[in-house]
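**Q** quick check, what structure comes out for this input:
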Amino acid sequence: MGLFGTDAEAAAGRVLQIPLSFSVGKNQPLQTSRYKCDAQPASLRKLLPKGVFGVNYINAGDISLAGVVVENNTQVFTNVISASGARYVASHYEWWEEHGEVSFSDVENPKTSLKCKEIQ
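**A** Numbers count the residues shown, from 1 in each chain. Prediction:
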């Protein structure tokens, strides 16, 4: 997977290329976390990759981004203010991470959310 894109997206020329130079690892600006999500609600689960999947996070000063594949396309989520955890939004989707657990939701249907857990 590229910085914010799948191998298929890279082959199709649809990957965002950002010329950055930094190390990858713990406490570094670029980190990748792997998640596994619950099966329900199915309406949200079908939007994310099957099985365990990776999410790329970039933290650079006041800017924090998360690259999440939604409906087979990488969405670049940006961090927004939250009372707790790290809340990211892209289009009408929300990716809210706190203590290794994520809530994925469609803000057009705020009553349902999908729970995901970080896999170490």
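**Q** so how far is residue 59 from residue 41?
**A** When distance is defined by Cβ to Cβ, to the nearest Å, residue 41 is 30 Å away from residue 59. (C-beta placed from N, C-alpha, C; glycine too.)
**Q** over to residue 48?
**A** Counting by Cβ to Cβ, the gap from residue 48 to residue 59 is 22 Å.
**Q** of the two, who's got more company?
**A** residue 48 (21 against 16; other Cβ atoms under 10 Å).
**Q** what comes up buried for stretch 33-42?
**A** 33, 35, 37, 41 (16 or more other Cβ atoms under 10 Å).
**Q** can you put these in a markdown table and add secondary structure and pLDDT?
**A** Listed next are the buried residues of stretch 33-42 as a markdown table, based on DSSP: H, G, I helix; E, B strand; the rest coil; pLDDT from 0 to 100:
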| residue | secondary structure | pLDDT |
| --- | --- | --- |
| 33 | strand | 96 |
| 35 | strand | 98 |
| 37 | strand | 98 |
| 41 | coil | 95 |
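**Q** of these, closest to residue 105?
**A** If you rank those by distance to residue 105 using Cβ to Cβ, residue 41 comes first, at 9.7 Å.
**Q** so that closest one sits against residue 112, correct?
**A** Yes. The pair residue 41 and residue 112 passes the contact test of Cβ atoms under 8 Å, sitting 5.0 Å apart.
**Q** so which bits of stretch 102-120 are buried?
**A** Buried residues in stretch 102-120 (16+ other Cβ under 10 Å): 102, 104, 105, 106, 113, 114, 116.
**Q** residue ranges with poor pLDDT in this structure?
**A** Flagging of the chain using pLDDT under 70 yields the residue ranges 1-28.
**Q** which parts of this protein are strands?
**A** For the chain, applying DSSP state E gives strands covering 30-37, 53-60, 63-70, 73-80, 86-90, 93-98, 101-106, 114-119.
**Q** CA atoms only for the second one, dumped as PDB, please.
**A** It refers to strand 53-60. Backbone C-alpha positions of strand 53-60 (Å, rounded to 0.1, in the frame of the first residue of the first chain) are rendered in PDB as follows:
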ATOM      1  CA  PHE A  53      -6.800  -4.000   7.200                       C
ATOM      2  CA  GLY A  54      -4.300  -1.200   7.600                       C
ATOM      3  CA  VAL A  55      -4.800   2.500   8.200                       C
ATOM      4  CA  ASN A  56      -2.000   5.000   7.600                       C
ATOM      5  CA  TYR A  57      -1.800   8.000  10.000                       C
ATOM      6  CA  ILE A  58       0.300  11.100   9.400                       C
ATOM      7  CA  ASN A  59       0.800  13.500  12.300                       C
ATOM      8  CA  ALA A  60       2.700  16.700  11.500                       C
END
